[in-house]
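Asks: please find the sequence and the predicted model below.
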Amino acid sequence: MQVRINDVVISVNTGDITAWAGDFIVNASNSGLYGGGGVDGAIHRAGGPQISAECAVIRQKQGGVMPGQAALTTAGRLPNLGIIHTVGPIWKGGGAGEAATLAKCYISSLELACARGARSIAYPNISTGVYGFPRRLACETALAAVVDYVQSTDPGKLPLNLIAFVCFEQDNTQLYEEMLRTYVTV
């Protein structure tokens, strides 16, 4: 499914994000940028040791990445221009600013991609795995952040024409499709 907002297509599909062939893939990383489990481990394995080596350089320079922030590496063996590593919040019940931090993940990734002239970017379902963020709230937060960014950015400063949500599981795809329909204007 897809919708168009201000000349940017926002799409949702089920698949393996490491097989996505656009400009930048977003990685749901940990603060140390160590390849972990889930999508993080899959991206590190598919991209090869170059990604891990560049993450080590980032750790040496700045000590890692704080939740809500993003860092860029090359894509290694993947067909993309680069990997944007962002650190989602660990769910602590909702009273610790988790939704705001998750929204920052999407915004900081978009800002980094746009600064590099990206035409396309793909997101996984950030923080919904071992970090325990409730899927529905994560979906609402992600779509609201992305749509707000697209609507509030001067079109002349927005090189993107595609923002994709690549869900590994069909139930997440259905949730994103359901929520994305609320942005369709008649």
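Replies: Happy to help now that I have it.

Asks: report the contact partners of residue 135.
Replies: By Cβ atoms under 8 Å, 6 or more residues apart in numbering, the residues touching residue 135 are 125, 128, 171-172, 175. Just so you know, the C-beta spots here come from the backbone N, C-alpha and C atoms, and that holds for glycine as well.

Asks: narrow those residues to those that are buried.
Replies: Buried subset of the contacts of residue 135 (neighbour count, 16 or more other Cβ atoms under 10 Å): 125, 128, 172, 175.

Asks: which two in the residues you listed are spaced the farthest apart?
Replies: The distance between the two most remote of the buried ones among the contacts of residue 135 (Cβ to Cβ) is 9.8 Å, for 128 and 175.

Asks: quick one on the thing from earlier: nearest to residue 78 among the contacts of residue 135?
Replies: For these, the nearest to residue 78 is residue 125 (18.8 Å; Cβ to Cβ).

Asks: quick check, that closest one in contact with residue 171.
Replies: No. The pair residue 125 and residue 171 fails to qualify as a contact (Cβ atoms under 8 Å) at a distance of 10.4 Å.

Asks: mind listing the strands for the chain?
Replies: Along the chain, counting by DSSP state E, strands occupy 2-5, 8-14, 24-29, 70-73, 82-87, 120-123, 162-167.

Asks: if you compare the ones you listed, which one is most tucked away?
Replies: strand 24-29 (a mean of 28; mean count of other Cβ atoms under 10 Å).

Asks: so what touches that strand?
Replies: By Cβ under 8 Å, 6+ apart, the residues outside strand 24-29 that reach it are 17-18, 36, 38-40, 43, 65, 70, 75, 78, 80-88, 109, 113, 116, 118, 120-127, 129.

Asks: again, only this time at 7 Å
Replies: Outside strand 24-29, the residues within contact range by Cβ atoms under 7 Å, 6 or more residues apart in numbering are 17, 38-40, 43, 65, 78, 80-88, 109, 113, 118, 121-124, 126-127.

Asks: isn't residue 78 up against residue 47?
Replies: Yes. Using Cβ atoms under 7 Å, residue 78 is in contact with residue 47, at 4.7 Å.

Asks: what's the span of stretch 83-98, first residue to last?
Replies: 23 Å (Cα to Cα, to the nearest Å).

Asks: cool, stretch 8-19 as well?
Replies: Across stretch 8-19, first to last residue, Cα to Cα, it's 22 Å.

Asks: any idea of the mean pLDDT for it?
Replies: Stretch 8-19 shows an average pLDDT of 96 in the prediction.

Asks: cool, and stretch 45-63?
Replies: Per-region confidence: stretch 45-63 scores 96 on mean pLDDT.

Asks: what does it rub up against?
Replies: By Cβ under 7 Å, 6+ apart, the surrounding residues in contact with stretch 45-63 are 18, 32-33, 35, 44, 71, 73-78, 83, 85.
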